[in-house]
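Peer 1: Generate coordinates for the sequence data below:
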Amino acid sequence: MDSARYQHLFNEIMKKKHNMQVDFRTIELSLEHVRNGEPLSYEDLEMMAKEQFWPFKKYWMWPAREQISGQLEKTRNLFIDPAWKESADVRIIRELSAIFRNISLVSIVSRFVWPEYYAIYSRPPLKILRIERGFNDIEEYMNYLREMRLLRASFGVKRTADVDIIVWTISQKKEEHQEFIQLLAEALPENLMPGDLIRNLSNNPIRIAETYLKQGDYKTSGYWAARALELYLNEECRRVYGFIPRKEDPNKGEIEHIIDCLCEHPDYWGCGELMHQLRRLRNRAIHIARVYEEKDAIEFIEGFKKLRSNSR
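Peer 2: Below you'll find the model as predicted:
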């Protein structure tokens, strides 16, 4: 995929819709101090909203200064090295959500501070990628980010924010959909039908993980095995309890919480050690900076199949 062409198309669309040349880079550079550990200031938010750079104010607005200024100090050191493990991602999103009370605003802050890892949460990309709905905003945004990050290699870009631009641009130009669908079909193994892929990216993810394992792409195999585990655990929790019990411990991740709930049910007695080992493999697979090798990919897939066959 020619990512530069989509950047050009994006600029054309923004010029036509808003009569302006978008400049994300200037905003990104202005936030280097936040990446280095300083807290966000209200002036940083005003910088992100400047109409000379992009049409923020046509779609969103920040809370009033007096509503949040006192809370922004909580963002000190929040953004340092956010991608080394998922709990850092979740902590960023949770802390910002407590301040802004709006997942789109949370995503805008995250995207401009770390465009390498984050994207703006918006309906057009959600619709075209068919992102799985989460049971809360944090989970849904994490699902969104995982898909965006997974597509970086396929799109030939290094930054998650650049994937966001490509997908948003395609959502605005129907004539570009076919190339996008073909790319997704080629990027995924076993000649999955493009329409099926768009409708349900998570259809039979463990089979996709197995194929990437055979191709020697262990990290991507891990991403799909992680998707399989997450879907399975959520489905099983709803099957045995009828719902996902409320998480009371703020220090416990969502997947760890679900596993602990399942361990209390007779169907899963004796499966706790296996499930927590799969959780640890999942964490290694989905975090960019963590090592995930062939033996990990094999253990993850085999362990997941064992869990699926032995748990009921």
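Peer 1: hmm, who's touching stretch 23-42?
Peer 2: 44, 47-48, 50, 52-54, 62, 65, 68-69, 72-80, 109, 112-115, 161 (CB atoms under 8 Å, 6 or more residues apart in numbering). All C-beta spots, glycine's among them, are computed from the backbone N, C-alpha and C.
Peer 1: in that stretch, what's buried?
Peer 2: 24, 27-28, 30-31, 34, 39-40 (16 or more other CB atoms under 10 Å).
Peer 1: what about the helices in the stretch 151-300 of the chain?
Peer 2: Taking DSSP state H, counting those that start in this stretch, the helices of the stretch 151-300 of the chain run over residues 152-155, 160-172, 177-187, 194-199, 205-214, 218-241, 254-263, 272-286, 294-310.
Peer 1: Can you tell me which of these is packed in deepest?
Peer 2: Burial of these is given as mean neighbour count (mean count of other CB atoms under 10 Å); helix 160-172 ranks first at a mean of 22.
Peer 1: Which other helices and strands does it contact?
Peer 2: Secondary-structure packing of helix 160-172 (3 or more CB pairs under 8 Å, 6 or more residues apart in numbering; DSSP states H and E): helix 3-18, helix 123-129, helix 137-150, helix 152-155, helix 177-187.
Peer 1: quick check: angle from the third one to helix 254-263?
Peer 2: Following axes from the mean of the first three to the mean of the last three CA atoms, to 10 degrees, one obtains 120 degrees for the angle between helix 137-150 and helix 254-263.
Peer 1: Now do helix 137-150 against helix 218-241, angle only.
Peer 2: Going by the same axes, to 10 degrees, helix 137-150 makes 150 degrees with helix 218-241.
Peer 1: Can you name every helix or strand that helix 137-150 contacts?
Peer 2: Right, helix 137-150 is packed against helix 86-100, helix 103-113, helix 123-129, helix 160-172, helix 218-241 by 3+ CB pairs under 8 Å, 6+ apart.
Peer 1: quick revisit: so for residue 128, which of the helices of the stretch 151-300 of the chain sits nearest?
Peer 2: helix 160-172 (4.8 Å; CB to CB).
Peer 1: That closest one vs helix 3-18, what angle?
Peer 2: 60 degrees.
Peer 1: Can you tell me what sits against helix 160-172?
Peer 2: Against helix 160-172 from outside (CB under 8 Å, 6+ apart): 1, 3, 6-7, 9-10, 13, 24, 111, 115-120, 122, 124-125, 127-129, 145, 148-149, 151-152, 155, 157, 176-177, 180.
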